[in-house]
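**Q** Show me the folded form of this:
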Amino acid sequence: MTLDDDAISRLREHFAGELLRPADAGFTRARAELLWNGQIARQPALVARPTTNEDVAAAIGFARERGMRLGVRGGGHGVAGAAVPEGGLTIDLSRMASVRVDPEARRAYVGGGAAWAAVDAATADHGLAVVGGTVSHTGVAGLTLTGGMGWLSPLQGLSCDNLLAATLVTADGRTVTASEEHEPDLFWGLRGAGTNFGVVTELVFALHPVSPVANLGMVFWRAEDAAGPLAFAREYVFRLPPHASALVAGLSAPPEPFVPAEVQGAPGVAVMVVTWGSPEDHAGLVEPLLGRGSAFELVTPIPYTALQQMLDGTAPWGIQAYDKGLNLDDLSDEAIRVLLDRLPRRRSPLSFAPLFPLRGRFSEIPDDATAFGSPRAPHWAMSMVGLAADEETFAAERAWARDLYDALRPLAPDGGTYLNFDVGAGQERVRASYGEEKYRRLAALKALWDPDDVFRSGISITPAPAPAAVPAPRGEASAEVPASSG
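**A** Sure, this is the predicted structure:
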């Protein structure tokens, strides 16, 4: 869409932030900062960088008046590139990224454009933390509004479980703060499907005491040696006490000093165990994994902020990326066989397949407490991520991820997924992930807060249709009367 100077001038009258069109100096850099995934080639007609909620409302109104597709950039890490609608308007919240911590109240006030690295750094100074992602440059809002799992999930649940309030600008330009006390239905929907109801400009989190130093145990087996250890680990990680966290990942051994040179780059499986207590307690928890034919083992203290950044190298900014996800009730022998068979088929050492064992506090929260779109029963949330620096290799890695997904899909019969793990999930998968009861409730909320489906660039809920009108009897004045549901 081409925007004339008069239209932009009128917008500037109500916009204190920055507005950039493709011909403007700084647009190319601004567009690059919108997108983590280098595979996305779309370009917006206008980038709006607000500094206030009033700016956000002005940008939403401008887009609606012109029928422009709207995207929202929070932290910028989205695989699908939903922040950048072709020829549309991107609201870039990078100027609204402040993080403020109240250590006495154990609260964090986080701007909608912040990334988790800023939250981790600000809270660790006070011996506090809230569960975030496992890559530190992931956006706080995008992750939280669709769930948010990380190292602290067994202790704290999801990021959305620790959300106390959220301020958003709605489709009609209102600024609303939702919490358990104010707009509780909207607050329920924000915790799992929050990108559907407005532009979230601030999130308030409950913080919890967490040692600034964690304990990490990492054990790696080559793919050809991993079947037995992985069969043991699938039971072992669910027996860990709730103060311990774990992650299993199919990946290439990293080029790090603690990895023997002859093992670096080898495809295999890593099991990682993290605690925040004494090193002696941690050593006892890791010990059952040791001495099982591993290629390398690492047991070490690690600052919590470094733990949060440990996997950043698996997701470098600008990499070409593709992601698929599914939920597994059990890591069966067949699932292990499929994973180990396909790991060596990758062409890029960056491609990997993490498996998150969701347990502990995650499973103690009732399924209907939030709109989170996966079951609360203990299970594995698995992601298949194809990553490459060039087009040819990326095409092969995308095919690899799809093949692994297709081979595992029959082992996940409910059809659902953790929606942050699935690029461009269609309506069928979205409905399957939320389940019919939650989806109907979300569709009704969508019809109330965004009936025109303005916010549809991400994981989209279709607004529930308006009630049908009953025609008036002949000879009487016509009236709009909602049809009876009975």
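**Q** what about stretch 425-440, distance to the chain center?
**A** The chain centre lies 17 Å from the centre of stretch 425-440; the measure is Cα atoms, centre = their mean, to the nearest Å.
**Q** How about stretch 35-49?
**A** What separates the centre of stretch 35-49 from the centre of its chain is 18 Å, taken as Cα atoms, centre = their mean.
**Q** can I get the CA coordinates of it in CSV?
**A** Below are the C-alpha coordinates for stretch 35-49, written out as CSV (Å, rounded to 0.1, in the frame of the first residue of the first chain):
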residue,chain,number,x,y,z
LEU,A,35,12.6,-10.0,12.2
TRP,A,36,14.6,-12.7,13.8
ASN,A,37,13.9,-15.2,11.1
GLY,A,38,15.9,-14.4,8.0
GLN,A,39,13.6,-16.5,5.9
ILE,A,40,10.8,-13.9,6.1
ALA,A,41,11.0,-11.5,3.1
ARG,A,42,7.8,-9.5,3.7
GLN,A,43,7.9,-5.7,4.0
PRO,A,44,5.4,-3.4,5.7
ALA,A,45,4.2,-0.1,4.2
LEU,A,46,4.7,1.6,7.5
VAL,A,47,6.6,0.9,10.7
ALA,A,48,5.2,2.8,13.8
ARG,A,49,7.4,2.9,16.9
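**Q** what pLDDT, on average, does it get?
**A** In this model, stretch 35-49 has a mean pLDDT of 93.
**Q** Tell me the buried residues in it?
**A** 35-40, 42-49 (16 or more other Cβ atoms under 10 Å). Just so you know, the C-beta spots here come from the backbone N, C-alpha and C atoms, and that holds for glycine as well.
**Q** Could you confirm P344 falls within a helix?
**A** Yes. The assignment for P344 (DSSP: H, G, I helix; E, B strand; the rest coil) places it in a helix.
**Q** Can you get me a residue count around the residue lying closest to it once chain neighbours are set aside?
**A** Take P344 and drop its neighbours on the chain: the residue closest to it by Cβ to Cβ, 6 or more residues apart in numbering is P267, 4.7 Å away. Using other Cβ atoms under 10 Å, P267 has 21 neighbouring residues.
**Q** still on that earlier bit, got TSV for the buried residues of stretch 35-49, with secondary structure too?
**A** Formatted as TSV, the buried residues of stretch 35-49 follow (three-state DSSP):
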residue	secondary structure
L35	coil
W36	coil
N37	coil
G38	coil
Q39	coil
I40	coil
R42	coil
Q43	coil
P44	coil
A45	coil
L46	strand
V47	strand
A48	strand
R49	strand
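**Q** Identify, from the residues you listed, the entry nearest to S9.
**A** L46 (13.1 Å; Cβ to Cβ).
**Q** From start to finish, how long is stretch 411-422 in a straight line?
**A** The straight-line separation of the ends of stretch 411-422 (Cα to Cα, to the nearest Å) is 17 Å.
**Q** What lies in contact with it?
**A** By Cβ atoms under 8 Å, 6 or more residues apart in numbering, the list of residues contacting stretch 411-422 from outside reads 142-143, 146-149, 323-329, 332, 334-335, 338, 373-375, 381-383, 425, 428-430, 432-435, 459.
**Q** Please narrow those residues to those residing in strands.
**A** Members of the contacts of stretch 411-422 lying in strands (criterion: DSSP state E): D323, K324, G325, L326, N327, L328, A381, M382, S383.
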